Every structure is written in C-alpha cells, then in structure tokens.
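In: show me the folded form of this:
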Amino acid sequence: MPDDSPIILWFRRDLRLSDHPALDKAVSTGRPIIPVWIHDEVVETHGAAPKWRLGLAVESFAKRLKDVGSRLILRRGTAENVLQRLVEETGATTIWWTRAYDPPSIRRDEAVKSALTGQGHEAGSLPGHVLFEPWTVETKQGDYYKVYTPYWRSVKDREVALPLSAPSRLEAPRNWPDSDDIDAWKMGAAMDRGEAIVRNFVTVGEDAAQTRLGTFMRDGVEGYEDARDIPARQGTSLLSENLTYGEISPRACWHAGLRAKEDGKAGAETWLSELAWRDFAYHLLYHTPRLLTDNWREDWNAFPWNEDERLAEVKAWKQGRTGIRFVDAAMREMFVTGRMHNRARMIVASYLTKHLMCHWRIGKEWFEDCLVDWDPANNSMGWQWAAGSGPDATPYFRIFNPITQLDKFDGDRAYADRWIAEGHDNPHADALSYFKAIPRNWPMSPDDDYPEPIVGHKEGRERALETYNNRDF
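Out: From the prediction side, this is the model:
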C-alpha cells in the first residue's frame with residue numbers, strides 16, 4: 001500500500017472533528033483524507049424534520065472542514081455503489097466510518113464492508129456514537145441487560161476514555177473528486193412552510209453544541225434533578241439534537257458531567273444517568289432488533305391496539321386537538337420547535353396508546369417525521385416503554401393522568417398557555433406560530449373554540465385497564 005494513498009472517511013451521524021476515533025486514526029497515518037457524506041438508502045427513509053435537520057448539520061460540518069484545510073465530498077446513491085466509485089476515482093485503498101447499531105444501518109454497512117474487502121480494500125468501522133459498545137456490557141450470566149437500573153449500576157463507574165482533541169489540519173489529496181450540491185437535494189422540501197418556523201429553534205453545528213454543553217454545565221446542571229420535569233422551564237441541556245447528528249460526542253458530555261459531579265453539582269449524576277439511558281436504548285436495539293418495529297415484549301402481540309391512522313381520534317392527536325391541554329400543548333410544541341419536552345413525551349405517548357388505544361407504531365412514526373432530535377433507538381424504546389410493550393421494571397400497567405400531571409408540572413399553566421392559542425385574547429407568539437407551521441389543509445385557526453376532550457381520563461383509563469385485564473399476557 002503506497003504511503004500516500006488517500007483514506008476515505010465516510011461520515012454519517014458523526015459530524016464533528018473533536019473526539020472522533022475514526023478521524024483520529026486516519027490523521028495518525030499522515031495520509032491524505034477524503035471526507036465523504038452520502039445521501040444514501042438509509043437517509044432516504046428519514047422523515048421530514050430529521051432529514052431537514054441532518055442537511056443543516058451536513059452544511060455546518062462542511063464549513064468546519066474548510067477551517068482545517070479540507071472539504072466534504074457529497075454524493076447521492078446507495079452507499080456501496082457510491083463508495084466503490086469513489087475508490088475508483090481517487091485510488092483510495094482504505095475506507096473507515098463510525099459504527100452504527102440500528103438494523104437498516106447495520107445491513108448497509110455489512111454490504112459495504114463485504115464489497116470493499118472483497119476487492120482487497122481495508123474497510124471497517126470504529127466506535128464513537130455510544131459510550132459503551134453494546135456487546136461489552138453483560139450481566140453476570142453473560143446475557144444482555146433487559147432492565148435499565150441494573151444496567152446503570154453496571155456502567156456508572158466504568159472508566160470512559162477522555163475525549164480526543166480535534167485536528168488542526170487534515171492532509172488533502174492531490175486531486176479532489178467531484179462533489180454534489182446539497183441544495184439540489186432539497187432535503188427540507190417535506191417541511192414545507194414549517195421550515196421557516198422550526199429554523200428559529202434549532203442549534204446547529206459542533207461549535208454551537210460545545211457552547212450549549214458549557215452553558216448547561218455552568219447554569220443548568222445544578223438544578224437538573226427538579227427542573228428537567230417542568231416543561232415551561234429550560235431545565236434540560238437540549239443536547240439530544242446535537243448528539244443525534246454527532247455534532248458532539250457522548251464522551252465529551254460524560255466527562256463534562258463527571259467534572260460537574262466532582263464539583264458537587266447536585267443534578268450531575270442524574271444527567272449522567274440520562275446519557276446512560278441513551279446508551280441503554282442502543283444496547284437493547286443491538287441485542288433485540290425487533291425493538292425498532294415489533295413489540296419488545298412479544299406477549300404484547302395479543303394486545304388489541306387500533307392500527308388505523310385514519311381514525312378521527314388519531315388525527316386530533318396529531319393536530320393537538322384532543323381537548324387535553326398537556327397533550328395538545330406538547331404536540332404543538334413539537335410542530336413549532338421540532339422538539340418536545342421529555343415529561344410531555346411520556347404524557348402524549350401514554351394518551352395515544354392507553355386512552356385512545358392506538359398502536360405505539362402510529363406515534364413512533366409521527367415522531368419520526370416531526371422531531372429534529374429523532375434517534376432510532378431512543379424513539380423506539382421511549383414509545384414501547386410508554387405503551388407497556390417495552391423494557392420496564394414497573395410491575396403494573398402505567399397510565400399517566402394528563403390532568404393531574406399538568407397540575408403537578410405546569411400548575412400555573414405557563415407551558416399550556418405558551419402553546420395553545422384558542423380561548424386567549426392575546427395568545428403567546430409561539431402559540432400563533434403553530435398555525436403558520438401546520439399543513440395548509442388542516443382547517444385550524446387560533447380563533448377556534450378549544451375542543452372538549454375526545455376521550456376523558458376516567459373513560460380512557462377504565463377502557464384500557466379492562467382491555468389489559470381481559471388479555472392473557
């Protein structure tokens with residue numbers, strides 16, 4: 001292998017320079033590096049908001065690469081075909097990428113590796129997307145963990161390597177291959193008029209992510225334990241958006257949390273446990289790929305959920321017109337910002353799957369379309385946890401009461417009033433933005449009357465419990 005043969009570094013959801021093991025390994029060789037990002041078969045399946053936000057991340061990363069004397073080559077097509085063409089065009093003999101753990105990405109990566117190594121090239125993946133590789137965390141019996149609490153006890157004191165520094169310069173190849181124009185791909189097309197609204201609420205790129213982490217560690221982590229449950233407050237780090245596109249690494253977040261814990265900041269350990277929860281989702285997805293599409297608890301296959309998305313109740317849920325203020329505020333928050341507060345996610349998921357008796361896949365797929373921080377493992381695990389078909393140590397059928405939850409976590413209705421315009425003489429600007437973001441064929445206006453509940457808590461709870469108790473699980 002010639003010493004100066006270029007290395008193709010295939011970027012995916014790892015759009016950063018700092019703490020990037022594959023990039024660090026490539027730099028250490030001293031060889032030219034050709035950074036590549038592919039609008040491939042996995043990206044093609046992304047929903048509207050995730051695909052649009054991914055495009056912003058790619059554009060930001062391309063600018064970051066220019067700062068270190070490099071550039072990002074953009075191509076569209078199946079990953080295997082694109083990389084084979086690039087190998088032929090550049091003479092590269094080594095292709096590296098950051099490991100993925102969801103089934104579609106694994107299938108793609110295995111096909112790429114088989115094709116390239118079969119032609120005599122060096123091709124393979126390195127870690128970087130999670131803290132702990134899924135196969136390295138085992139029970140004493142050598143099995144994978146199925147419940148989070150023992151998983152957390154197993155990993156919380158593990159040594160995590162310090163984050164790697166960003167390179168100051170990347171060696172360029174003698175000749176750069178051609179690159180596509182990302183604007184021609186129109187990655188935000190499905191956002192329609194919502195793009196202009198949601199753009200005001202996203203924080204894009206590696207530098208912005210590092211700033212967001214530093215701000216949270218300085219101002220937010222101390223009170224995180226309590227503030228994270230109050231949807232009207234900025235009590236969380238909001239880093240899920242940046243983690244999902246790899247604009248910041250989980251190791252950088254972990255070590256920032258450890259430093260805060262050593263400094264005596266009260267919420268630090270709880271925040272660290274949330275980072276581990278993210279890893280736990282990938283742990284489960286890797287060991288049980290059915291988490292993505294089917295009931296993780298297979299005995300739940302007998303539960304008679306509705307699977308018809310055309311029902312009026314499902315439409316009302318999607319539109320934030322259920323008549324349940326916590327649910328409606330949350331659904332509208334998601335449409336305006338591309339995010340939803342974590343406490344609210346539990347409430348809306350419980351309402352859909354328990355009160356409305358609708359399959360969790362309906363909600364999971366709607367979130368896949370609407371969330372800028374969509375993550376395949378965490379979205380699937382979160383929905384199954386709320387539905388009851390997923391991993392959960394709780395020995396009973398959990399049904400959140402959306403009325404008492406609102407009283408407890410939004411007693412002054414600051415959250416509900418921020419997102420619901422109907423019935424207010426002077427609605428919040430964000431509540432009005434919802435009507436500028438929704439599809440034009442949704443016949444909704446801030447002047448409408450706020451609806452009565454389509455299914456009240458008592459009625460929905462009794463129906464769900466009766467159904468649950470009458471099934472053979």
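In: so where's this protein shaky on pLDDT?
Out: Scanning the chain for pLDDT under 70 picks out the ranges 1-3, 393, 395-396, 472-473.
In: let's see it at 90
Out: 1-4, 299, 392-398, 468-473 (pLDDT under 90).
In: can you give me the domain boundaries for it?
Out: Split into domains by automatic domain parsing, the chain comes to 1-128, 191-287, 298-469.
In: quick one: which of those is nearest residue 178?
Out: Of all the domains of the chain, it is domain 1-128 that lies closest to residue 178, at 7.9 Å by Cβ to Cβ. (C-beta placed from N, C-alpha, C; glycine too.)
In: for that closest one, the distance to its chain's centre please.
Out: Its chain's C-alpha centre and that of domain 1-128 lie 20 Å apart, by Cα atoms, centre = their mean, to the nearest Å.
In: neighbours of residue 255, how many?
Out: 16 (other Cβ atoms under 10 Å).
In: oh, I was asking about residue 293
Out: Neighbours around residue 293, by other Cβ under 10 Å: 10.
In: next, give phi and psi for it.
Out: The phi/psi pair for residue 293 (degrees, to the nearest 10) reads phi -130, psi -20.
In: report the separation between the closest residue to it other than its chain neighbours and residue 183.
Out: Leaving aside its sequence neighbours, residue 293 sits nearest to residue 361 (Cβ to Cβ, 6 or more residues apart in numbering; 7.6 Å). The gap separating residue 361 from residue 183 is 34 Å, by Cβ to Cβ, to the nearest Å.
In: cool, and residue 340?
Out: Taking Cβ to Cβ, one finds residue 340 at 29 Å from residue 183.
In: higher neighbour count, the two?
Out: Counting neighbours by other Cβ under 10 Å for residue 340 and for residue 183 shows that residue 340 has the greater number, 23 against 10.
In: could you list every residue that touches the more buried one?
Out: Applying Cβ atoms under 8 Å, 6 or more residues apart in numbering to residue 340 gives the contacts 330-331, 333-334, 348, 371.
In: please name the spatially closest residue to it (chain neighbours excluded).
Out: Of all residues not flanking residue 340 in the chain, residue 334 sits nearest, at 4.4 Å (Cβ to Cβ, 6+ apart).
In: in this structure the one you found contacts residue 369, no?
Out: No: using Cβ atoms under 8 Å, residue 334 makes no contact with residue 369, being 10.0 Å away.
In: give me the more crowded residue out of those two.
Out: residue 334 (26 against 15).
In: which SSE is the more buried one in?
Out: Under the criterion of DSSP states H and E, residue 334 resides in helix 325-337.
In: what angle sits between the helix or strand following that helix and helix 325-337?
Out: For helix 325-337, the succeeding helix or strand toward the C-terminus, using DSSP H and E, is helix 342-350. Counting by axes from the mean of the first three to the mean of the last three Cα atoms, to 10 degrees, helix 342-350 points 110 degrees away from the direction of helix 325-337.
In: and the contacts of helix 342-350?
Out: 228-231, 236, 317, 326-327, 329-331, 333, 340, 360, 363, 382-383, 386-387, 398-400, 402, 405, 409, 415.
In: now the buried members of these.
Out: When burial is judged by neighbour count using 16 or more other Cβ atoms under 10 Å, the buried members of the contacts of helix 342-350 are 228-231, 236, 317, 326-327, 329-331, 333, 340, 360, 363, 382-383, 386-387, 399-400, 402, 405, 409, 415.
In: how about JSON lines for the contacts of residue 340, with distance to residue 269 added?
Out: As requested, the contacts of residue 340 are exported to JSON lines (distance: Cβ to Cβ, whole Å):
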{"residue": "330", "distance to residue 269": "27"}
{"residue": "331", "distance to residue 269": "32"}
{"residue": "333", "distance to residue 269": "28"}
{"residue": "334", "distance to residue 269": "29"}
{"residue": "348", "distance to residue 269": "28"}
{"residue": "371", "distance to residue 269": "27"}
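In: of those, closest to residue 27?
Out: residue 371 (33.5 Å).
In: hmm, back to that, from the contacts of residue 340, which is closest to residue 275?
Out: Checking these one by one against residue 275 (Cβ to Cβ), the nearest turns out to be residue 371, at 18.6 Å.
In: right, and that closest one touches residue 334 too?
Out: Yes: in this structure, residue 371 is within contact of residue 334 by Cβ under 8 Å, at 6.6 Å.
In: closest to residue 165 out of the domains of the chain?
Out: Comparing the domains of the chain by Cβ to Cβ, domain 1-128 comes nearest, at 6.5 Å.
In: can you pull out the strands in the stretch 1-150 of the chain?
Out: Applying DSSP state E, counting those that start in this stretch to the stretch 1-150 of the chain gives strands spanning 7-11, 33-39, 73-76, 94-98, 122-126.
In: and the longest one, what does it pack against?
Out: If contacts are counted by 3 or more Cβ pairs under 8 Å, 6 or more residues apart in numbering; DSSP states H and E, strand 33-39 sits against strand 7-11, helix 21-28, helix 48-66, strand 73-76, helix 79-90.
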